[in-house]
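>>> model the following, please.
(one chain, ligands or ions: 1)
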Amino acid sequence: MNKISVLGVNFDNVNMSEAVDRCREFLKGDKGNLIVTPNPEIVMRAKDNEEFKNIINNAALVIPDGIGIIKAGKILGTPLKERVAGFDLICNLLEEGKDGSISFYFWGSKPGIADTAMQKVKEKYPNIKILGAHTGYFSPEEEEKIVEEIKELKPDVLLVGLGAPKQEITINKYINDNIFKIGIGCGGSIDVLAGEVKRAPKLFIKLHLEWFYRLLKQPTRLKRMMVLPQFVKEVKKSKKG
Ligand code: UDP
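The predicted model follows:
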């Protein structure tokens, strides 16, 4: 498999259509597959968290979500094909399953939002199978109940939006329990599906300024984005070293 390392996080060098093909293969199989969608912030978190880094590097598919990862690939002399945003991959999977051929479960976001996301997607695709939804705020006892429910429903695709690394650690915990075929750590994607958070306008995406749009809309992201200059510095250093 063609992997490209950015600060020790190994990315699959796939474009969107290849990522969707990989998902089709996962859906045909009978084991659980973790999909991770790291951006530079997540790479920086993984760099300092060995457990998280190992989970990512053992995942079935790791896609470059964020233009910073594409830039890093270029700086390192090992370019990645294109940015594959996790949200866009999810939209493609929903589109693929709109006839009811793929089942989904949404787990994440503040109370009520996953239900709204489920309703909104069902309005768009009346025949889609979304088996259930649950908020991402829960106690350890509640987690057991949520997982019991998911076990009974056995969705093909489990969207888990609890923020990184919690979402990846959670998916990984149940990966061998034969309860989903694809578990995808989806960050704030459930918020976007619910219409709570808007995706950047196409022009921003085209100009590689989606990160800037998100910062304008949620200025509280500034603190977490402070790691970005450090990311660039580390990438340049790792090229020299
Ligand atoms: N979240 C959650 N449970 C938690 C912590 C976070 O459901 O215990 C949700 C939060 O409401 C948001 C998502 O996880 O919907 C994380 O979104 P963020 O924008 O941080 O994702 P990222 O940009 O890191 O992918």
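>>> show me how far stretch 102-116 is from its chain's centre.
Average the C-alpha atoms of stretch 102-116, do the same for its chain, and the two points are 14 Å apart (CA atoms, centre = their mean, to the nearest Å).
>>> quick one: contacts for the residue nearest the centre of the chain?
Ranked by distance to the mean C-alpha position of the chain (CA atoms, centre = their mean), the top residue is C186 at 3.3 Å. Residues counted as contacts of C186 (CB atoms under 8 Å, 6 or more residues apart in numbering) are T37, G86, F87, I90, G108, L159, V160, G161, Q167. Where you see a C-beta, it was placed from the backbone N, CA and C, and this is true even at glycine.
>>> same question, L76
Applying CB under 8 Å, 6+ apart to L76 gives the contacts I4, V6, V235, S238, K239.
>>> on that earlier part again, and the contacts of C186 near the ligand, which?
G108, G161 (CB under 6 Å from any ligand atom).
>>> helices and strands around the helix or strand bottoming out on mean pLDDT in the chain, which ones?
Considering only helices and strands, the least confidently modelled element of the chain by mean pLDDT, DSSP states H and E is helix 222-225, at a mean of 86. Applying 3 or more CB pairs under 8 Å, 6 or more residues apart in numbering; DSSP states H and E, one finds that helix 222-225 contacts helix 210-217.
>>> list the buried residues of the helix it packs on.
Neighbour-count burial for helix 210-217 flags E210, W211, Y213, R214 (criterion: 16 or more other CB atoms under 10 Å).
>>> distance-wise, check the closest residue to the third one other than its chain neighbours relative to M226.
Read it as Y213. Residue nearest to Y213 in three dimensions, not counting chain neighbours: A200, with 3.7 Å by CB to CB, 6 or more residues apart in numbering. The spacing between A200 and M226, counted by CB to CB, to the nearest Å, is 20 Å.
>>> show me which of these two is the more surrounded one.
Neighbours per residue, other CB atoms under 10 Å: of A200 and M226, the larger number sits with A200, 17 against 10.
>>> state the mean pLDDT of whichever helix or strand Q167 is part of.
Applying DSSP states H and E as the criterion places Q167 in helix 166-173. Averaged across helix 166-173, pLDDT comes to 98.
>>> what about this protein, any weak spots by pLDDT?
Scanning the chain for pLDDT under 70 picks out the ranges 1.
>>> which residues in this protein form helices?
In the chain, the helices defined using DSSP state H lie at 16-28, 40-47, 50-57, 67-75, 86-96, 113-124, 140-153, 166-173, 189-193, 202-206, 210-217, 222-225, 227-240.
>>> by neighbour count, which of the contacts of L76 wins?
Most neighbours among those, by other CB under 10 Å: V6, with 28 neighbours.
>>> wait, it touches I70, no?
No: if you go by CB atoms under 8 Å, V6 and I70 don't touch, sitting 9.8 Å apart.
>>> hmm, back to that, just the buried residues of the contacts of C186.
With neighbours counted by 16+ other CB under 10 Å, those contain buried members at T37, G86, F87, I90, G108, L159, V160, G161, Q167.
>>> quick check: the fifth one vs N58, distance?
When CB to CB is the yardstick, G108 and N58 sit 22 Å from each other.
>>> then D30?
18 Å.
>>> looking at these two, which one has more neighbours?
Under the criterion of other CB under 10 Å, the comparison of D30 against N58 puts N58 first, with 13 against 7.
>>> what sits against that one?
N58 makes contact with L34 under the criterion CB under 8 Å, 6+ apart.
>>> which parts of this protein sit against the ligand?
Along the chain, the residues adjacent to the ligand under the rule CB under 6 Å from any ligand atom are 108-110, 136-137, 161-164, 187-188, 190-191.
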